[in-house]
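Trainee: sequence? don't have it. structure:
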């Protein structure tokens with residue numbers, strides 16, 4: 001005997017069919033707390049639990065059973081297309097009768113999972129961690145450790161498994177979570193095919209021949225293999241099951257699991273007909289990352305007082321196309337953010353409340369050709385005025401008309417900030433990186449490289465426009481802050497607070513045109529940089545993103561990029577040893593240029609758009625030319641810029657909308 005413990009929110013037309021199951025589920029859930037042998041995502045037409053959107057997610061300790069992890073701190077994905085029909089091929093029809101192939105479906109899902117890493121949508125879950133006490137609703141006390149991270153390239157492998165899907169998946173796959181569950185067994189086989197990764201989610205899709213669902217309709221679930229008293233699966237792993245979604249369900253029709261729910265007209269890539277696949281797969285993956293453990297039906301990660309997870313609380317609300325890394329947009333649902341809810345009362349968001357715009361490491365660059373060009377069509381629903389290939393577009397926010405840069409060397413003189421000394425440099429700057437940054441910011445103004453940004457403007461909303469300036473002197477001041485304590489694995493809010501302290505220190509009043517560069521020393525950097533997620537980032541303080549911090553500050557997190565070696569530009573332009581500090585000015589120049597043209601960092605405050613210039617994929621003036629050529633001397637690659645002091649400084653090219661007769665390209669200056 002086994003009992004299925006579910007969180008049912010059936011569609012109105014399905015209430016009679018589901019009555020008995022729901023009653024049993026409610027009784028069991030009330031008795032046992034946050035339990036769910038299979039954490040189901042019910043079909044469209046079922047609103048989230050009304051009370052679930054009135055409270056935060058709660059951490060449940062992450063300690064139920066051996067091997068519990070609480071959250072996936074380094075999320076990874078293995079994708080399994082299970083069944084011979086994937087290899088043999090099948091077709092599916094959209095809401096307008098247009099036919100698509102199984103290969104197009106596989107391409108769509110693979111592309112979505114390939115490109116979600118590093119996006120602002122995936123960054124929502126980075127506010128959650130496993131290093132806080134049970135009952136906690138915030139990770140503020142975690143000191144930068146144990147957090148969910150958001151690396152790029154989270155999809156680690158794809159497997160089309162031709163073995164037949166057993167018919168008993170229809171019954172046993174619904175409730176059991178032990179050895180004879182066919183889906184759990186397939187997940188274990190997949191972990192053997194790829195490798196076992198306790199931080200990964202193994203996502204299994206089946207073809208239309210195995211429906212594996214009934215009434216009430218569910219669109220997917222996530223869970224974890226279990227072993228009780230030595231009986232069951234050999235080890236714990238997270239997996240998600242996505243049955244064939246494009247079904248014509250009684251009472252729900254073909255849109256029950258999201259088909260054409262965002263893009264009413266399907267395009268050749270599959271936007272529209274496969275909307276449900278990105279919505280449902282994204283929902284399940286986000287929940288597996290933030291609430292992975294399921295031992296004896298108890299989920300001990302992040303879920304609320306009703307047992308709802310970060311996807312459940314926002315299910316089928318606010319659906320929209322959201323840019324996914326460097327490929328295209330995909331239909332997704334919002335995810336729940338405690339940070340946003342605590343400040344604004346609205347917890348369902350489609351981008352992280354604090355979403356620093358990061359400079360990727362070497363080898364991760366935007367595409368040379370826009371997806372609209374490769375497909376011959378652009379996405380349905382792209383609003384007028386949004387960027388088209390390949391140039392950046394104006395989104396309505398401010399630019400920095402009279403640029404001012406404030407440089408803060410935070411903690412460089414504090415004990416243990418460096419593990420070495422060198423002849424000719426002070427103990428608080430043994431490699432000369434701080435002195436180099438100071439010279440570079442003083443020398444970049446008035447250069448031909450600096451002129452690239454002057455083509456970009458802001459609307460003053462009175463019929464007039466103002467363009468970015470390029471004054472010779474842009475460095476306003478340098479602060480060696482050795483008073484305010486610093487630590488390693490800094491969180492974004494730590495850096496925002498230091499930027500606010502810098503505003504007070506410099507008595508800065510012109511925040512609209514100011515960039516506060518917070519440069520950290522060798523041994524004290526932010527957690528994401530320490531985990532090799534990026535080289536640097538810039539951001540803008542908003543009430544939801546940085547609660548309690550002064551609003552409207554554009555600031556840059558400038559880690560000690562020498563720690564990353566060639567990953568962040570060492571010897572990228574000049575050969576060693578002359579090029580050992582190349583990355584310092586390449587990365588700093590990237591962030592300063594992006595702050596000039598998009599000081600709001602693509603953010604918004606309520607209905608006010610803070611973002612200014614970027615393309616519809618979210619790439620800014622520096623991103624579009626980051627690491628071009630990968631060290632080769634080709635047009636648009638990084639180069640030695642001559643500063644206004646006559647010295648040379650390695651910098652990257654910046655995107656110019658006016659280059660190539662308006663087609664746009666990476667420019668070294670004009």
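Mentor: Yes, it's here. What you see is a predicted model; the values in this text were computed from it and never measured.
Trainee: I'd like the distance from residue 455 to residue 469, if you could.
Mentor: As defined by CB to CB, to the nearest Å, residue 455 lies at a distance of 12 Å from residue 469. C-beta here means a position set from N, CA and C on the backbone, and glycine is covered the same way.
Trainee: what sits against the closest residue to residue 318 other than its chain neighbours?
Mentor: Distances taken as CB to CB, 6 or more residues apart in numbering place residue 334 nearest to residue 318, at 4.5 Å, with adjacent residues excluded. Residue 334 sits next to 314, 317-318, 348-350 when contact means CB atoms under 8 Å, 6 or more residues apart in numbering.
Trainee: wait, which of those is closest to residue 660?
Mentor: Distances from residue 660 to these, taken as CB to CB, are shortest for residue 350 (33.5 Å).
Trainee: distance of the nearest residue to the closest one once chain neighbours are set aside from residue 117?
Mentor: Spatial nearest neighbour of residue 350, excluding adjacent residues (CB to CB, 6+ apart): residue 334 at 4.9 Å. Separation of residue 334 from residue 117 (CB to CB): 18 Å.
Trainee: go on, residue 181?
Mentor: 29 Å.
Trainee: Please apply the same query to residue 305.
Mentor: The value you get for residue 305 to residue 117, if CB to CB is used, is 31 Å.
Trainee: Which one's more surrounded, the two?
Mentor: For residue 305 and residue 117, the more surrounded residue by other CB atoms under 10 Å is residue 117, and the numbers stand at 21 against 15.
Trainee: Just to check, that one is in contact with residue 156?
Mentor: No: with contact defined as CB atoms under 8 Å, residue 117 does not count as touching residue 156 (10.4 Å).
Trainee: Doesn't residue 287 lie inside a strand?
Mentor: No: membership of residue 287 in a strand is not supported by DSSP: H, G, I helix; E, B strand; the rest coil, which gives helix.
Trainee: Which parts of the stretch 201-350 of the chain are strands?
Mentor: Along the stretch 201-350 of the chain, the segments classed as strands by DSSP state E, counting those that start in this stretch run 218-224, 227-228, 231-232, 238-242, 302-303, 320-324, 328-332, 335-336, 348-349.
Trainee: Tell me which other helices or strands the helix or strand immediately after the last one in the chain touches.
Mentor: Beyond strand 348-349 in the direction of the C-terminus, DSSP states H and E gives the next helix or strand as strand 357-359. Other helices and strands packing on strand 357-359, by 3 or more CB pairs under 8 Å, 6 or more residues apart in numbering; DSSP states H and E, are strand 536-540, helix 582-597.
Trainee: Strand partners (parallel or antiparallel) of strand 357-359?
Mentor: strand 536-540 (antiparallel) (DSSP bridges).
Trainee: got the angle between the strand it pairs with and helix 582-597?
Mentor: Relative orientation of strand 536-540 with respect to helix 582-597: 20 degrees, computed using axes from the mean of the first three to the mean of the last three CA atoms, to 10 degrees.
Trainee: And the helix or strand following strand 536-540, what does it pack against?
Mentor: Sequence order places strand 554-558 as the next helix or strand after strand 536-540, per DSSP H and E. Where contact means 3+ CB pairs under 8 Å, 6+ apart, strand 554-558 is packed against helix 492-506, strand 514-519, strand 536-540, helix 582-597.
Trainee: quick one: average pLDDT of strand 554-558?
Mentor: For strand 554-558, mean pLDDT rounds to 98.
Trainee: Compute the inter-axis angle for it and strand 536-540.
Mentor: Going by the same axes, to 10 degrees, strand 554-558 makes 160 degrees with strand 536-540.
Trainee: ok, and the helix or strand in this structure with the lowest average confidence?
Mentor: helix 15-32 (a mean of 26; mean pLDDT, DSSP states H and E).
Trainee: Strand partners (parallel or antiparallel) of the helix or strand following it?
Mentor: Per DSSP H and E, the first helix or strand lying C-terminal to helix 15-32 is strand 39-42. According to DSSP bridges, strand 39-42 has the following sheet partners: strand 218-224 (antiparallel).
Trainee: Tabulate the strands of the stretch 201-350 of the chain (CSV), appending mean neighbour count.
Mentor: Written out in CSV, the entries for those read as follows (neighbours: other CB atoms under 10 Å):
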stretch, mean neighbour count
strand 218-224, 27
strand 227-228, 14
strand 231-232, 14
strand 238-242, 27
strand 302-303, 30
strand 320-324, 21
strand 328-332, 26
strand 335-336, 28
strand 348-349, 21
